[in-house]
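Asker: Pasted the sequence and its predicted model underneath.
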Amino acid sequence: MSEWWNVEIVGAGKLPMLLCFLAFVVTFLATRGITRMIRAGRGPFRNNVTSSGVHIHHAVPGLGLLLIGAFVALSAEHGGFRATAGVLVGVGASLVLDEFALILHLSDVYWSQEGQASVQAVALTASCLALVLLGFTPARSEDLTGGSRPAGRSR
């Protein structure tokens, strides 16, 4: 198992993507659980409206984490920073996409039928991340750069 891990994940450079995927899925599940508890009036976040009446939706810290993760990834040369960036991007993207319907409709539709767009966006993103981890690539770099093509393929 450790040989597989070292060859297929670490050696192939997939650790940041794996951490991104795991952070994305775990954050989505935790966020949905917490929001259900808030809606039911239970849990530590049930009184989540401030005295000024401003409600900070979780897309706001999610956007911050997503940006920080992207900047770390762009400047990272060391594997540890790339792994950290993967986690930050996964958590941030999950928080933002969990409120995709709110952003799309510019209205708090989280628990309505329109709110299902958020769940669909998260499912699509998680599926794409999983496919990349499994090695599916819809285009090779040669296809994008105009490099050599295998025999039999036309432009």
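Answerer: Received it, and whenever you're ready, just let me know what you need.
Asker: Ala23: helix or strand, and which one exactly?
Answerer: helix 15-39 (DSSP states H and E).
Asker: Which residues does stretch 9-22 contact?
Answerer: For stretch 9-22, the surrounding residues in contact (Cβ atoms under 8 Å, 6 or more residues apart in numbering) are 8, 73, 79, 82-83, 85-87, 89-90, 93, 126, 129-130, 132-133. C-beta here means a position set from N, CA and C on the backbone, and glycine is covered the same way.
Asker: out of these, which are buried?
Answerer: Among the contacts of stretch 9-22, the ones that count as buried by 16 or more other Cβ atoms under 10 Å are 73, 82-83, 85-87, 89-90, 93, 126, 129, 132-133.
Asker: helices or strands next to the host helix or strand of Ala83 in the packing?
Answerer: Per DSSP H and E: Ala83 is located in helix 79-97. Contacts defined by 3 or more Cβ pairs under 8 Å, 6 or more residues apart in numbering; DSSP states H and E place helix 79-97 against helix 15-39, helix 59-75, helix 116-133.
Asker: Need these in JSON lines (columns: distance to Leu102 and mean pLDDT).
Answerer: Putting the helices and strands packed on helix 79-97 into JSON lines (distance: least, Cβ to Cβ, whole Å; pLDDT from 0 to 100) gives the following:
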{"stretch": "helix 15-39", "distance to Leu102": "12", "mean pLDDT": "94"}
{"stretch": "helix 59-75", "distance to Leu102": "7", "mean pLDDT": "95"}
{"stretch": "helix 116-133", "distance to Leu102": "7", "mean pLDDT": "94"}
